[in-house]
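*Asks:* My questions concern the predicted model and sequence given below.
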Amino acid sequence: MKLKELAIRFLENKYLAFAITLIIFVLCTMPSESLPKTTGDKTAHFVAFAGWAFCWQFAFKNYIKTLILGIVYGVLIEFWQGSLPISFHRSFDWFDALADGVGVMIGLTVAYLLKILLLNSYTKRG
């Protein structure tokens with residue numbers, strides 16, 4: 001099996017998409033003092049949800065559903081963080097939800113562009 005085929009099979013695995021969903025939930029639930037210091041909270045949200053959307057698009061192949069689910073998931077995470085105890089140092093933030101939504105759109109765009117690239121390289125050989 002070629003490396004490209006192996007990578008595609010890995011990305012199309014639904015368990016990967018669900019694992020990333022769970023990882024994001026766990027990271028967003030942890031007390032903020034337990035998390036490594038990053039370049040910025042919004043950047044972390046953006047990157048996490050771009051990766052989430054990229055993997056979900058490969059696994060489920062539905063741009064509209066992935067877009068809607070990603071945006072709803074980002075907003076629900078914020079409501080969840082708003083309900084956590086004060087000691088977790090988490091709160092509801094619309095700008096985090098916005099960073100999540102923009103991340104979802106970028107992740108879907110990258111998935112779309114990669115799909116075009118893969119199809120073009122496949123049709124040129126055939």
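*Replies:* Nice, thanks for sending it over.
*Asks:* all contacts plus neighbour counts: C-alpha atoms, from now on.
*Replies:* Will do.
*Asks:* Which of the helices or strands spans the residue nearest in space to the middle of the chain?
*Replies:* The centroid of the chain falls nearest to Trp52 when counting by CA atoms, centre = their mean (1.8 Å). Using DSSP states H and E, Trp52 sits within helix 41-60.
*Asks:* Outside of the very next helix or strand once past that helix itself, which residues are in contact with it?
*Replies:* Per DSSP H and E, the first helix or strand lying C-terminal to helix 41-60 is helix 63-83. Under the criterion CA atoms under 8 Å, 6 or more residues apart in numbering, residues 25, 28-29, 49, 52-53, 56-57, 60, 90-94, 96-97, 100-101, 104-105, 108 lie in contact with helix 63-83.
*Asks:* still on that earlier bit, elements contacting the helix holding Trp52?
*Replies:* helix 3-11, helix 14-29, helix 63-83, helix 94-125 (3 or more CA pairs under 8 Å, 6 or more residues apart in numbering; DSSP states H and E).
*Asks:* tell me the average confidence for the longest one?
*Replies:* Taken as a whole, helix 94-125 has an average pLDDT of 85.
*Asks:* Ok, the third one next?
*Replies:* Per-residue pLDDT values over helix 63-83 give a mean of 95.
*Asks:* If you count neighbours, what's buried in that helix?
*Replies:* 63, 66-67, 69-71, 73-75, 77-81 (16 or more other CA atoms under 10 Å).
*Asks:* how much distance is there from that helix to the middle of the chain?
*Replies:* 10 Å (CA atoms, centre = their mean, to the nearest Å).
*Asks:* Helix 14-29 and that helix, what's the angle between them?
*Replies:* For helix 63-83 against helix 14-29, the angle by axes from the mean of the first three to the mean of the last three CA atoms, to 10 degrees is 30 degrees.
*Asks:* As CSV, could you dump the C-alpha coordinates of helix 63-83?
*Replies:* This file holds the C-alpha atoms of helix 63-83, laid out as CSV (Å, rounded to 0.1, in the frame of the first residue of the first chain):
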residue,chain,number,x,y,z
TYR,A,63,-19.1,20.0,4.2
ILE,A,64,-22.4,21.5,5.4
LYS,A,65,-22.9,19.1,8.3
THR,A,66,-19.2,19.4,9.4
LEU,A,67,-19.5,23.2,9.3
ILE,A,68,-22.7,23.3,11.3
LEU,A,69,-21.6,20.6,13.8
GLY,A,70,-18.2,22.4,14.3
ILE,A,71,-19.8,25.7,15.0
VAL,A,72,-22.4,24.2,17.3
TYR,A,73,-19.7,22.2,19.1
GLY,A,74,-17.6,25.3,19.6
VAL,A,75,-20.5,27.2,21.1
LEU,A,76,-21.5,24.3,23.3
ILE,A,77,-17.9,24.0,24.6
GLU,A,78,-18.1,27.6,25.6
PHE,A,79,-21.3,27.1,27.5
TRP,A,80,-19.7,24.1,29.2
GLN,A,81,-16.7,26.1,30.2
GLY,A,82,-19.0,28.8,31.6
SER,A,83,-20.7,26.2,33.8
